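Novice: missing the sequence, but the structure's below:
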């Protein structure tokens, strides 16, 4: 059989583990080659001083944590684009000339196209149009990846590589029911759902307002232990957030991860897949390499 390949195009060290650790662990266990684009170095992440022991910078620490997670998850390769972390929308750091939010969109797109043509994934995942929770880096890499998905297959888009268009594009989904529940609980406790997180800069209501339909649900219940191992690699980013629910409860409440299928376009806004590789076929060039 031809090798199945999945490319995840995300923004920061830790996005892959916190967001998709269960999914990655499942597909790696099933023999899928999983590749990751990490667009920034994560230097705007809040880090307690004790985590910096032995590291010259926050970026060096964050990238080392990413290497740890990549090994735990069994990623085939991580492509580090090296842009500066932009921080949250409207912050001073989002104006830095080297940050991803200020980067030339055509340049970022080209770099993603180059990775797609090298990896030749059948399936690509990136953030939704709101970037999950409105982070400018998430939005920037989502736009570049979505554009690159089509551009990679065009002979007119010249990178010196053979054109290749992946077969399926997904945006990572968010459980709207869980969000509504979380917002309700926060209000009952007298907390503002529009000021969430260690720096009170995440608007949970806006996240809910920008949720997109889910068309695929992938079962990850059996991969929570691997998910936690990878997430624990990003120790510098675990402080200050809400404590994790007990493992058995997470498995019970969230046995699936949801995804919005962007291409091919779904016939209706309902769940119609339980495997991101459903309907994927091997092209002749790939079959020739396998034979």
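Specialist: Done, it's in. Keep in mind that what you see is a predicted model, and the values were worked out from it rather than measured.
Novice: how many residues are close by residue 199?
Specialist: The burial count assigned to residue 199 is 12, neighbours taken as other C-beta atoms under 10 Å. Bear in mind the C-beta positions are built from the backbone N, C-alpha and C, glycine included.
Novice: does it touch residue 45 like I think?
Specialist: No: between residue 199 and residue 45 there is no contact under C-beta atoms under 8 Å: 10.4 Å.
Novice: looks to me like residue 83 is in a helix.
Specialist: No: Residue 83: not assigned to a helix; according to DSSP: H, G, I helix; E, B strand; the rest coil it is strand.
Novice: low-confidence ranges, the stretch 1-150 of the chain, go.
Specialist: Applying pLDDT under 70 to the stretch 1-150 of the chain flags residues 1.
Novice: helices of that one, start to end?
Specialist: Counting by DSSP state H, counting those that start in this stretch, one finds helices in the stretch 1-150 of the chain at the ranges 15-29, 58-73, 105-119, 131-134, 136-151.
Novice: stretch 86-106: end-to-end distance?
Specialist: Stretch 86-106 has an end-to-end distance of 18 Å (criterion: C-alpha to C-alpha, to the nearest Å).
Novice: next one: that stretch to chain centre, how far?
Specialist: 19 Å (C-alpha atoms, centre = their mean, to the nearest Å).
Novice: swap in stretch 195-206?
Specialist: With C-alpha atoms, centre = their mean, you get 19 Å for stretch 195-206.
Novice: pull out the buried positions in it.
Specialist: 196, 201, 202, 203, 204 (16 or more other C-beta atoms under 10 Å).
Novice: need the contact list for residue 256.
Specialist: For residue 256, the contact set (C-beta atoms under 8 Å, 6 or more residues apart in numbering) comprises 217, 218, 219, 220, 221.
Novice: out of the residues you listed, which are inside strands?
Specialist: Among these, the residues falling in strands (DSSP state E) are 217, 218, 219.
Novice: so what's the first one bridging to?
Specialist: With DSSP bridges as the criterion, residue 217 is bridged to residue 258.
Novice: give the contact list for it.
Specialist: Per C-beta under 8 Å, 6+ apart, neighbours of residue 217: 256, 257, 258, 259, 271, 273, 274.
Novice: would you agree the second one is in contact with residue 24?
Specialist: No: judged on C-beta under 8 Å, residue 257 makes no contact with residue 24 at a distance of 10.2 Å.
Novice: who wins on neighbours among the contacts of residue 217?
Specialist: In terms of neighbours by other C-beta under 10 Å, the contacts of residue 217 top out with residue 259 at 26 neighbours.
Novice: neighbours around the closest residue to residue 19 other than its chain neighbours, how many?
Specialist: In space, and not counting its chain neighbours, residue 19 is closest to residue 172: 6.0 Å by C-beta to C-beta, 6 or more residues apart in numbering. If you count neighbours by other C-beta under 10 Å, residue 172 ends up with 22.
Novice: residue 65 - how many residues pack around it?
Specialist: 24.
Novice: for residue 20, same thing?
Specialist: Neighbour number of residue 20 under other C-beta under 10 Å is 26.
Novice: separation between it and residue 270?
Specialist: 22 Å (C-beta to C-beta, to the nearest Å).
Novice: nearest residue to residue 276 in space, please, no chain neighbours.
Specialist: residue 123 (5.1 Å).
Novice: mind listing what the one you found touches?
Specialist: By C-beta under 8 Å, 6+ apart, the contact set of residue 123 is 4, 5, 6, 7, 166, 167, 168, 169, 170, 276, 277, 280.
Novice: and which of those is nearest to residue 98?
Specialist: Relative to residue 98, the closest of the contacts of residue 123 is residue 7; by C-beta to C-beta it sits at 24.7 Å.
Novice: now do the contacts for residue 149.
Specialist: Residue 149 is in contact with 116, 124, 165, 166, 169, 263, counting by C-beta under 8 Å, 6+ apart.
Novice: what is the neighbour count of the closest residue to the first one other than its chain neighbours?
Specialist: Just to be clear, that refers to residue 116. Among residues not flanking residue 116 along the chain, residue 152 sits closest, at 4.2 Å (C-beta to C-beta, 6+ apart). Residue 152 sits with 24 neighbouring residues when counted by other C-beta under 10 Å.
Novice: then residue 95?
Specialist: Neighbours of residue 95 (other C-beta under 10 Å): 12.
Novice: cool, and residue 5?
Specialist: Residue 5: 21 neighbours (other C-beta under 10 Å).
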